[in-house]
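A predicted structure for the sequence below; I have some questions about it.
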Amino acid sequence: MSSKKYDLAITGGRVIDPVLGFEKEASILIKDGLIAGVEAETAALRRTLKSLDPDQIIDATGKLVTPGLIDMHVHLREPGNEGAETIKSGCEAAAAGGFTSVCCMPNTRPRIDSQEAVKFVQDRAQNASARVYVAGAITKHIDGQELAEIGDLVKMGAIAITDDGHYVQNPEIMRRALQYARMFDIPVMQHSEDAFLCEGGVMNESAQSARLGLKGRPTAAEEIAVLRDIALCRITGSRLHVQHITTRRAIDAVRAAKREGIRVTAEACPHHFVLTDDEIGKEFNTNLKVNPPIRTKDDRNAVIEGLIDGAIDCIASDHAPHSAEDKDCEFDQAPSGMIGLETTLGLVKTYLIDKGYLGWADAIRKMTADPARIFGLPGGRLSIGSPADITIIDPDKKWKVKAENFRSKSRNSPFIGWTLTGKVYRTILGGRVVYEG
Amino acid sequence: MSRLSSRHLLGLEGVPKDDIVAILDAAETFREVLDREIKKLPTLRGLTVLNLFYEASTRTRISFELAEKRLSADTISFTKASSSVSKGESLRDTVQNIEAMKIDMVVVRHASSGVPYYLTKCMDANIINAGDGTHEHPTQALLDMFTIRRKYGKLDGLRVVLIGDVMHSRVIRSNVWGLKTMGVSVALCGPSTLIPYGVEMFDCDVYTNIDEALDGADVVNVMRIQLERQKAGLFPSQREYTALFGINKDRLKRLNRNYTIMHPGPMNRGVEISTDVADGDQSVILEQVTNGVAIRMAVLYLLSGRKEEA
C-alpha cells in the first residue's frame, strides 16, 4: 500500500455506509476519481498517508463521511427560466448542500419531453459540480393528453418519467404510462393531487385557510390520487413513485400497498416534515406557498412517522427556485415552491436526527442508498471501484441560514434567519472537491 | 403616533377590545358631526390619503372618500382599470411610486387576501384594509357593530346571526372576530357548500337550517349571494337559495321581539332578502351606510394620531 500513490485521502472521519452497514472511524482512499480503499483507522495507515502530498489529505476528524447525497427531485429551471436558476447554479447549490447527484424535473420551458431536451440538459451538465439525472415527461407538453416518447427519453438517458407539477388526471393515460414504462423498468413519478379538487387552491385546506380567506387544496385530493395510482399499479405491476407525499392517509395507503407487495415508493420534503400551515399566519409569506401545500401538524407528524417506519423511502428537496420578483407579490398570485438544496441536510439533522426520530445511518440511507436503489443509480455507497462521490458533514456545527450565502440564484426560502445544526464540510464529486464549507 | 395599539387596521382578528371600543366611541362623535349643517372638521388637514382600489367598489370607496373629505384630508384615488397595472407593473412598484409623491395613509381594496399586510412591508404609510380578497373587511364589521351598539346600547350578550356565503365573505370573517371580542354570541348560517372546511376555528355556532339559526336571535346580518357562486356550481339555483336561506317575513317570527335586520349591500332583493324585510321598520340597512362614514372617520382619525378639533 505504501508504494501506491493516491489522489486523495479522507482521514479520521466516522464513515457511514448504510448499504454495507458500515459505521466506524476509517479513512477513504481515492484514485482516478474512484474509491480505491476504505480502511479502518490504524497507526500504520496514518504513517502511510504521511507519504502522500499533504494537500491531498482531508482531515475529517470529528466529521461524518458518507456517500454523496442524492436528491431525486429538483427544478433547475433551464431551459426557460434561467433568471431563477441554471443547471450550473443549481449544481453549485447541490454541492453546497452536500448533494453529488440530482434528478431534474421536466417542467421546464420547453418541457423535457424529447430526446433533444434530455440531451440539452446533459450537455449543460457537463463539468457541473453535481451529476444531473433527467426525469422525462410522462405526456407530451406535460398536458396529460398523450404519452411522450418514453422509449426515446429512456434511450437518451432519462431515468424516470413524471409530469411533476401536474397530476395525470386521466386514469387511462396514467394506466398506459405505467404499462409502457414497465418495459424499461423505470419508475413513474407522480405529483399526486386531483386537479379538480385543487382548482384555484393556494394553500392547505384547513382551519388556517378558513381564517385567511385563501382557497384550500384538500388532503383528499392527494389521497384520491395516491389510491387511484396504487390501484393502477396493482393491475399493471409497474413501479410508482409518489413525489412529495404530505398527508396521513396517503402515507397509510403507500404503507398498505407496500405490505401488499405493490411496487410503490415515496419521498418526503423537508418543508413537509418541518413546517405546518399555521406558519403562513398573518404574514402571507409567499415563500411558504408550495405545491403540494404545507399541511397541518397531524399530517406533518404522519410524514415523520412514515420516514421512521419506511413507508416513505427517501428525502428529496423539491428545490424550486423562483426569482425575488416573482415571489414579491400577492400570495394568491405568487408561484409555488421554495429552494431546498442548501437547507435539506441542516433540516434533517435539526428536525429528524436531533429530535430522535432518525439515526444518522437511517437519514443518510434515505438520501443516498434508497434513491439510488429506486432509480437504479450507481451512487449511494462507498464500495471500492465506485465513483468517489462523497459528502463530509460537520454534524454538530450550528449555522444560520443567510440569503447572501445561497449558491442558488434564487432566495425563496422561508428558513432564512433560522439556526440549523449540521453543515456540509466538503462535497467530493468523482474525487474532486466541489464544495468547501 | 396611532391612538390604537397598531398603526394599521389590517383586520379585526386579534384587535383588542380597547381598540374596538375606542373606534366605536370616536365614531359616536363623528356621527354627530354628520348631522350638522357644516359636516367638515379640520382634523386631517395637511395629510394625504391614497384610496387604492384594485377591485371594483362603489359604497366603500365613496364612504372612505367622504370620510376623508369630512376630515379635510387631501385625497387621491387609484383604480386598477386606469393604471399602469394594466401595463404589467407590480403592486410593489405601483405603491412605492405613489408613496414617493408623499402620502400618509392608504386605504386599500384588493381581490387578493393578505394585500394590506403586504403593503405594510412595502410602504411607510398607515394602511387601512377596505376589503382583501375573502379575508377581512374590518371597517364594514366595525360599522355593523356600531349600528348594533347604537340600537341596543351594548354589544355584550346579544345573539347575532350572519347568513350567506360564509366561505367567501370577508364581511363575515371581520364580523366574527369583532363581535366575539365584544362578547357577542355569533352564529353562522349558509348552504353547506359555502361553509368553509375548518369553520370550527371561528368557534361559532354553525347552521345549515335557517330556522334553527334564527331561533332567539337579536340581529340578522344578511350577506349578498353572488351569482358567480351558482355558476361555479356551489348551489343549484338562486330560486332554491331563496327558498332555503332567503330572509322573508315568515322567518322573522323566530327572532327576538326587538330584532334588527342588516345587510352590507349591495342587495339582491328577492334573493337573499325580501323587499318588505329590507325596507321594514326593523331594517337598519341605510343607517349602516351613514354610520359607515362615521366609522371610517374614526379609523382615519385614530390611526393618524392627530388631535381631534371638533
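Yes, it's here. Residues are numbered from 1 along each chain as shown, chains lettered A, B, ... in the order given.

which residues does the residue in the stretch 251-400 of chain A that chain B sits nearest to contact?
Per Cβ to the nearest Cβ, A:Phe284 is where the stretch 251-400 of chain A lies closest to chain B, at 3.2 Å. In this view, the C-beta of every residue, glycine as well, is placed from N, C-alpha and C. By Cβ atoms under 8 Å, 6 or more residues apart in numbering or on different chains, the residues touching A:Phe284 are A:Leu212, A:Phe331, B:Ser113, B:Gly114, B:Tyr117, B:Tyr118.

can you redo those residues as a markdown table with neighbour count?
Converted to a markdown table, these look like this (neighbours: other Cβ atoms under 10 Å in any protein chain shown):
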| residue | neighbour count |
| --- | --- |
| A:Leu212 | 28 |
| A:Phe331 | 25 |
| B:Ser113 | 26 |
| B:Gly114 | 27 |
| B:Tyr117 | 21 |
| B:Tyr118 | 26 |
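
which among those gets closest to B:Gly131?
Nearest to B:Gly131 among the contacts of A:Phe284: B:Ser113, at 10.1 Å, using Cβ to Cβ.

My guess is that closest one contacts B:Asp132. True?
Yes - at 5.3 Å, B:Ser113 counts as touching B:Asp132 under the criterion of Cβ atoms under 8 Å.

anything in contact with each of these two?
A:Gly213.

Okay, now the unreliable bits of the chain?
Answering for chain A, as no chain was given. Across chain A, the ranges flagged by pLDDT under 70 are A:1-4, A:53-54, A:282.

sorry, should have said chain B
B:1, B:82-84, B:86, B:307-310.

Helices along that one, start to end?
Counting by DSSP state H, one finds helices in chain B at the ranges B:17-34, B:59-70, B:91-99, B:115-122, B:138-152, B:170-181, B:210-214, B:227-231, B:238-245, B:249-252, B:275-278, B:285-304.

For the last one, what is the distance to the chain centroid?
This means helix B:285-304. 10 Å (Cα atoms, centre = their mean, to the nearest Å).

Once you drop chain neighbours, what's closest to A:Met189?
If the residues on either side of it in the chain are set aside, A:Met189 comes closest to A:Thr162, at 3.6 Å by Cβ to Cβ, 6 or more residues apart in numbering or on different chains.

Do you have the strands of the stretch 151-300 of chain A handy? List them.
Secondary structure of the stretch 151-300 of chain A by DSSP state E, counting those that start in this stretch: the strands cover A:160-162, A:188-190, A:203-204, A:216-217, A:240-242, A:264-268.

Let me have these in TSV, extended by mean neighbour count.
Below are those laid out as TSV (neighbours: other Cβ under 10 Å):
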stretch	mean neighbour count
strand A:160-162	28
strand A:188-190	28
strand A:203-204	26
strand A:216-217	26
strand A:240-242	28
strand A:264-268	26
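
of those strands, which approaches A:Val118 most closely?
Taking Cβ to Cβ, strand A:160-162 is the member of the strands of the stretch 151-300 of chain A nearest to A:Val118, at 11.1 Å.

Report all helices and strands that the closest one contacts.
strand A:131-136, strand A:188-190 (3 or more Cβ pairs under 8 Å, 6 or more residues apart in numbering or on different chains; DSSP states H and E).

Not counting sequence-adjacent ones, nearest residue to the residue of the stretch 251-400 of chain A closest to chain B?
A:Phe284's closest residue in space is B:Gly114 (Cβ to Cβ, 6+ apart), at 3.2 Å.

With B:Asp74 as the reference, measure out to that neighbour.
28 Å (Cβ to Cβ, to the nearest Å).

Helix, strand, or coil at the nearest residue to A:Ala40 once chain neighbours are set aside?
Counting by Cβ to Cβ, 6+ apart, A:Ala40 lies nearest to A:Ala26, which is 5.2 Å off, once chain neighbours are set aside. Classification of A:Ala26 by DSSP: H, G, I helix; E, B strand; the rest coil places it in strand.

possible to save the strands of the stretch 151-300 of chain A as CSV with distance to B:Ala232?
What follows is the strands of the stretch 151-300 of chain A, written out as CSV (distance: least, Cβ to Cβ, whole Å):
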stretch, distance to B:Ala232
strand A:160-162, 31
strand A:188-190, 28
strand A:203-204, 19
strand A:216-217, 15
strand A:240-242, 30
strand A:264-268, 33
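
and of those strands, who's closest to A:Asp298?
The minimum distance between A:Asp298 and the strands of the stretch 151-300 of chain A falls on strand A:203-204, with 11.3 Å, by Cβ to Cβ.

Packing partners of the closest one?
Using 3+ Cβ pairs under 8 Å, 6+ apart: strand A:203-204 touches strand A:216-217.

Does at least one residue of the strand it packs on sit close to chain B?
Yes - using Cβ under 8 Å from any Cβ of the partner chain, we find that strand A:216-217 touches chain B at A:Gly216.

For that strand, which strands pair with it and how are they oriented?
Note on strand A:216-217: by DSSP bridges, its sheet partners are strand A:203-204 (parallel).
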